[in-house]
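A.B. asks: Build me a model from this:
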Amino acid sequence: MSAKLSTWFVGDGIGGLYCKQHSNVRFFLSHRPLPASCKMRRNYSSQLKRQQLKKASHERISTNADFQSNGDEESETENTSIINVPILSQQVISDDDVETSIDVEHSDVKEWSGSMAPDEPKSLAIKVDGEEQLSGVQSEDLVGMIRYAEKNILLLNQARVCALQDLEKIVAEKEELQGEINVLERRLAETDARIKVAAEEKIRVELMEDQLENLRSELAHRGVTEGSQLDMYDNHDKLLNHEASMLHDNSFSSLLTKELSSLREENIFLKNDIEVLKVELRDVKNTDERVLMLEKERSSLESALKDLESKLSVSQEDVSKLSTLKVEYKDLWEKVENLQVLLDKATKQADQAITVLQQNQELRKKVDKLEESLDEANVYKLSSEKLQQYNELMQQKIKLLEDRLQRSDEDISSYVQLYQESVKEFQETLNSLKEESKKRALDEPVNDMPWEFWSHLLLIIDGWLLEKKITIDDAKMLREMLRKRDGRIRDAYMVCKEKNEREAITTFLGLTSSPSCPGLHVIHIAAEMAPVAKVGGLGDVVCGLSKALQKRGHLVEIVLPKYDCMQYDRIHDLRALDVVVESYFAGRLFKNKIWVGTVEGLPVYFIEPHHPDKLFWRGQLYGEHDDFKRFSFFSRAALELLLQSGKKPDIIHCHDWQTAFVAPLYWDLYAPKGLNSARICFTCHNFEYQGTAPASELGHCGLDVHQLNRPDRMQDNSAHDRVNPVKGGVVFSNIVTTVSPTYAQEVRTAEGGRGLHSTLNFHSKKFIGILNGIDTDIWNPGTDTFLKVQYTANDLQGKEENKEALRRHLGLFSAKVRKPMVGCITRLVPQKGVHLIRHAIYRTLELGGQFVLLGSSPVPHIQREFEGIANHFQNHDHIRLILKYDEALSHSIYAASDMFIIPSIFEPCGLTQMIAMRYGSIPIARKTGGLNDSVFDVDDDTIPLEFRNGFAFSTADEQGLNNALERAFNLYRNDPESWQKLVQKDMTVDFSWESSAAHYEELYAKSVARARATIRA
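C.D. replies: Numbers count the residues shown, from 1 in each chain. Purely as a prediction, here's the structure:
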């Protein structure tokens, strides 16, 4: 996280006190700019100090005239130095270079009583002669000294404020480091789990090897036994046959025959047994084959074990990096403590300066008393009778004084002459300043007219240009005057109200003779703009960012498709231009009708294609089968409008995949035609939606499919026969942004990049995340007309009244005891964590709270599921589900809710949490994307107390949600005072577009400056 600093350093000293005829006081205010690394050190050059002291000791002023003239010069010098104090903006503080010190030098103030004592008799003598000026000079000296001291104290206070700001930025960097440490710890835990699984697999392999050895030994034993049995049976059979032949000749043949037959039967049985054993032997051979298979499986498991061991080594490297980060964290914490010590020193020095100021005030009182005593002495001496006795003595003194007066008259005449010359010079300077102020008054913007007035004028001028009634140069000059809100063009419009168009054009062309100043001309080409054409956050961003840039003095225009389903009542002065713009598509030229109007004070161009497919006359903005065709047509028509109108923008800003075609179209087709003044900025608001299509469809808008369907250009990273507009926007744009810093880090990983992580990493130097803002004029509980009662952070009674009003409107139970209300306004899609929203409904009921949901789902089965929940709680006292979007009701829910739940699985930015805090509803959010950049847990000790503003959880499961929800309920019920302070703090957090617009302005300016430097080179 980078922190912007505006830091300056002031050292003050009081010196040069010298008394000859009366006292004079000089101040030396030294300014020293900080280096670019934002370090402030005490390395004043001792030689410079000696030169200043030497210069001060030689400057002696003895009269009032001299003091006045030099006082003017010193005043001018001081003013100039204050104006020229360097402000170092947009410098990044590195983790290793945070070292700040503020040095305020004080010079000792000499004792005034000692310095003034020798001059008292002289002053008295001069008063006798009528030349009583010295006391006035001394008084003016003291007044000047006090004023300079007060200015120095003010500068010291400003330095203290800057130091505090620097400290806050360092603490923010500390938070970022802690976040990185948490990520590494999670990786370490995952690696430990993998190692445990590998160990279990290794044990299983060893057991299988033992079983294999047992099987082999058993098979060997079986083979030996079966062989010996077969031999025995064969020998036995032979013996029986031999005995049978012998008994045939014997007389006892009958008995032996019976025995022989029995033996033969027994032998048959034995043979059958042998056959069974053979079958078993075949089964054993099959077992050998299984053993071979087990050996192969063992080898695969061994390779897997090696892979796990390699991953273990990688995790060990991550552990070493984690330890390094911990050491850096400790160093950073020590630097923060050092900064706190330096801040305490600066506070002490400021207190010392205040003490000096008090001493100066005491000296002022002493001077007043001396003047009073001097007046009394003069009256006494003039009225005293004893003056006659000292007449002779006084005569002698008078002679001496006359000599001195003569010399002083000569000095005075020379000083008077110098004074007259300085007065003349001052008069000349004053005249020149008056002339400059008159010129500046002409150049200053006129603020008494609304933005709609200037946007209406801009559309009139562009209409004249497109209708060929004025030249491109004249239109450019008039646009620049509009950008500066020049009073002359306003006066010309007022004069021409009653004139016809030709006379009006003549009057306006009379203004083009004056020179114009360069400025940023920004054109947004987008598919949405709130409030006329809005589906999601894209419309809010286009409107909010454009308004903020317009307030910062830039010329901003927007180009939109002319949908049939727009809110036409929110467009002012809508009219069609008497011109037709032709654009190429699918091998032929199509005509486009151009409409102009103002929306929220911004000039907007609406393109209506005369295409047989009625591209934007479908009753909805997105979701058509030919969206790729519709928006590639619109992107080319928008660039054709810019080319034919002669516009020369500095920045063309396109948004999401719908207008990502602008980037390759601009460089491949329109820059060679002369529309080459702009740098392209592409913002992807959600990498989930990339608009891929078959590569052949890209050729319809005139792009070369063969050249662009390549891995380094627009070819989709997952399917080589498809093109990816978002990838084309990333590759062909000069600036690539997304809507929060954390989301910018997430999409550069394989899990979050949706296939584009390698492309984003390759183009990482031009890729940045900027947190979106909200329109604080629309979302303001103090002026919101949708609310029953308006309220502010200092008066929260209106929030309770809005809660009761919503309960009555929805039929919820109104309890006398404090019962928290949990709100949720969202699209019910998997990205938003619908399973956690469902769980939160029941958990809130268990904890004794009330739950209100506003939203619908484009996914049918999710919509049906929540319709079932809504029917179940249809008449419940504490649960209500409204499955649609209602603008007025959303404002009421924000105002009535005590807590707001945002359990997103991933969230590029999210505006809900910002709006909720604006209305005093505490967010309960998952740490992902923009939620992680805007919601900081109240119980997280690693985050400074002033930044903690809600309840956060990391895991996307019911346990994590339960923990955050229960902590919120406990704080609400057990510590109402702390809860109220948290609500008031959240309502004062600045989520306006000012900061985000400043980031975009910086990116625009740097990109334009690089382009101009390249052209000059």
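
A.B. asks: Could you identify the longest strand within this protein?
C.D. replies: Ordering each strand of the chain by length in residues (DSSP state E) puts strand 572-585 first.

A.B. asks: any idea which helix or strand comes after that one?
C.D. replies: strand 588-599 (DSSP states H and E).

A.B. asks: So what's the gap between the longest strand of the chain and the chain middle?
C.D. replies: Relative to the centre of its chain, strand 572-585 is centred 37 Å away, using C-alpha atoms, centre = their mean, to the nearest Å.

A.B. asks: Check stretch 898-906 too.
C.D. replies: For stretch 898-906, the distance to the chain centre is 20 Å (C-alpha atoms, centre = their mean).

A.B. asks: remind me which residues of the stretch 451-600 of the chain are low pLDDT?
C.D. replies: Judged by pLDDT under 70, the stretch 451-600 of the chain has its weakly predicted residues at 510, 512-519.

A.B. asks: how about the strands of it, start to end?
C.D. replies: Applying DSSP state E, counting those that start in this stretch to the stretch 451-600 of the chain gives strands spanning 521-525, 555-561, 572-585, 588-599.

A.B. asks: Which elements pack onto the last one?
C.D. replies: Based on contacts counted as 3 or more C-beta pairs under 8 Å, 6 or more residues apart in numbering; DSSP states H and E, the elements that strand 588-599 packs against are helix 451-466, strand 572-585, strand 602-609, helix 627-644. In short, each C-beta sits where N, CA and C put it, glycine included.

A.B. asks: mind listing the strands in the stretch 851-1000 of the chain by residue range?
C.D. replies: 879-882, 899-902, 922-926, 951-953.

A.B. asks: Of those strands, which is nearest Thr749?
C.D. replies: strand 922-926 (17.0 Å; C-beta to C-beta).

A.B. asks: hmm, who's touching the closest one?
C.D. replies: By C-beta atoms under 8 Å, 6 or more residues apart in numbering, the surrounding residues in contact with strand 922-926 are 822, 833, 836, 898-905, 907, 910, 912-913, 916-917, 931, 935, 949-954, 956, 960-961, 964-965, 968, 979, 982-983, 986.

A.B. asks: quick one: strands adjacent to the longest strand of the chain?
C.D. replies: Partners of strand 572-585 in the sheet, by DSSP bridges, are strand 588-599 (antiparallel).

A.B. asks: in the stretch 201-350 of the chain, what spans have low per-residue confidence?
C.D. replies: For the stretch 201-350 of the chain, the stretches flagged by pLDDT under 70 are 222-254, 256, 281, 284-285, 288.

A.B. asks: For the protein, which helix extends over the most residues?
C.D. replies: helix 253-383 (DSSP state H).

A.B. asks: where does it sit relative to the chain's centre, distance-wise?
C.D. replies: Distance, centroid of helix 253-383 to centroid of chain: 29 Å (C-alpha atoms, centre = their mean).

A.B. asks: I'd guess Gly753 is in a helix, am I close?
C.D. replies: No - judged by DSSP: H, G, I helix; E, B strand; the rest coil, Gly753 forms no part of a helix; its state is coil.

A.B. asks: Give me the neighbour count for it.
C.D. replies: Neighbour count for Gly753, taken as other C-beta atoms under 10 Å: 17.

A.B. asks: now do Asp990
C.D. replies: 9.

A.B. asks: can I see the domain layout of this structure?
C.D. replies: What the TED database lists as the domains of the chain is 146-215+265-378+390-431, 518-769, 796-991.

A.B. asks: between those, which one is nearest to Ala1013?
C.D. replies: For the domains of the chain, the distance to Ala1013 is smallest for domain 518-769, at 12.4 Å, taking C-beta to C-beta.

A.B. asks: sorry, back to before: list the buried ones in the longest strand of the chain?
C.D. replies: Neighbour counts using 16 or more other C-beta atoms under 10 Å place 574, 577, 579, 581, 583-585 of strand 572-585 among the buried residues.

A.B. asks: before we move on, the earlier item: of all the domains of the chain, which lies closest to Ile1015?
C.D. replies: Here domain 518-769 is closest among these (C-beta to C-beta), at 9.8 Å.

A.B. asks: just how off-centre is the closest one within its chain?
C.D. replies: With C-alpha atoms, centre = their mean, you get 23 Å for domain 518-769.

A.B. asks: got a pLDDT number for the spatially most central residue of the chain?
C.D. replies: In the chain, the residue lying closest to the centroid (C-alpha atoms, centre = their mean) is Leu771, at 3.5 Å. Note for Leu771: predicted pLDDT of 95.

A.B. asks: so it sits in a strand?
C.D. replies: No - with three-state DSSP as the criterion, Leu771 is coil rather than part of a strand.

A.B. asks: Make a markdown table from the strands of the stretch 851-1000 of the chain and add distance to Arg570 and mean pLDDT to it.
C.D. replies: Compiled in a markdown table, the strands of the stretch 851-1000 of the chain are given as follows (distance: least, C-beta to C-beta, whole Å; pLDDT from 0 to 100):
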| stretch | distance to Arg570 | mean pLDDT |
| --- | --- | --- |
| strand 879-882 | 24 | 96 |
| strand 899-902 | 27 | 98 |
| strand 922-926 | 29 | 97 |
| strand 951-953 | 36 | 97 |
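
A.B. asks: Dump those into a markdown table; add mean neighbour count and distance to Arg364 as well.
C.D. replies: Listed next are those as a markdown table, based on neighbours: other C-beta atoms under 10 Å; distance: least, C-beta to C-beta, whole Å:
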| stretch | mean neighbour count | distance to Arg364 |
| --- | --- | --- |
| strand 879-882 | 21 | 71 |
| strand 899-902 | 26 | 59 |
| strand 922-926 | 26 | 54 |
| strand 951-953 | 24 | 57 |
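
A.B. asks: Which one of these lies nearest to Asp166?
C.D. replies: The minimum distance between Asp166 and those falls on strand 951-953, with 26.7 Å, by C-beta to C-beta.

A.B. asks: helices or strands next to that closest one in the packing?
C.D. replies: So strand 951-953, by 3+ C-beta pairs under 8 Å, 6+ apart, packs with strand 922-926, helix 958-974.

A.B. asks: picking up where we left off before, quick one: closest of the domains of the chain to Gly463.
C.D. replies: That would be domain 518-769 among the domains of the chain, by C-beta to C-beta, at 5.1 Å.

A.B. asks: Which of the domains of the chain comes out lowest on mean pLDDT?
C.D. replies: Mean pLDDT values for those show the minimum at domain 146-215+265-378+390-431, a mean of 75.

A.B. asks: If we ignore the residues flanking it in sequence, what's nearest Ala998?
C.D. replies: What sits nearest to Ala998 in space, not counting adjacent residues and going by C-beta to C-beta, 6 or more residues apart in numbering, is Arg552, at 7.7 Å.

A.B. asks: circling back: ranking the helices and strands packed on strand 951-953 by burial, who's on top?
C.D. replies: strand 922-926 (a mean of 26; mean count of other C-beta atoms under 10 Å).

A.B. asks: Run me through the strand neighbours of that one, direction for each.
C.D. replies: Strand 922-926 has these strand partners (DSSP bridges): strand 899-902 (parallel), strand 951-953 (parallel).

A.B. asks: could you dump the domains of the chain to a markdown table with distance to Lys788?
C.D. replies: Listed next are the domains of the chain as a markdown table, based on distance: least, C-beta to C-beta, whole Å:
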| stretch | distance to Lys788 |
| --- | --- |
| domain 146-215+265-378+390-431 | 38 |
| domain 518-769 | 22 |
| domain 796-991 | 4 |
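
A.B. asks: between those domains, which gets nearest to Glu1001?
C.D. replies: For the domains of the chain, proximity to Glu1001 was assessed by C-beta to C-beta; domain 518-769 is nearest, at 6.2 Å.

A.B. asks: which residues sit in contact with the residue nearest to the centre of the chain?
C.D. replies: Applying C-beta under 8 Å, 6+ apart, we find Leu771 in contact with 739-741, 909, 930, 933-934, 995-996.

A.B. asks: returning to what we had before: quick check: angle from the longest strand of the chain to helix 627-644?
C.D. replies: Between strand 572-585 and helix 627-644, the angle comes out at 100 degrees (axes from the mean of the first three to the mean of the last three C-alpha atoms, to 10 degrees).
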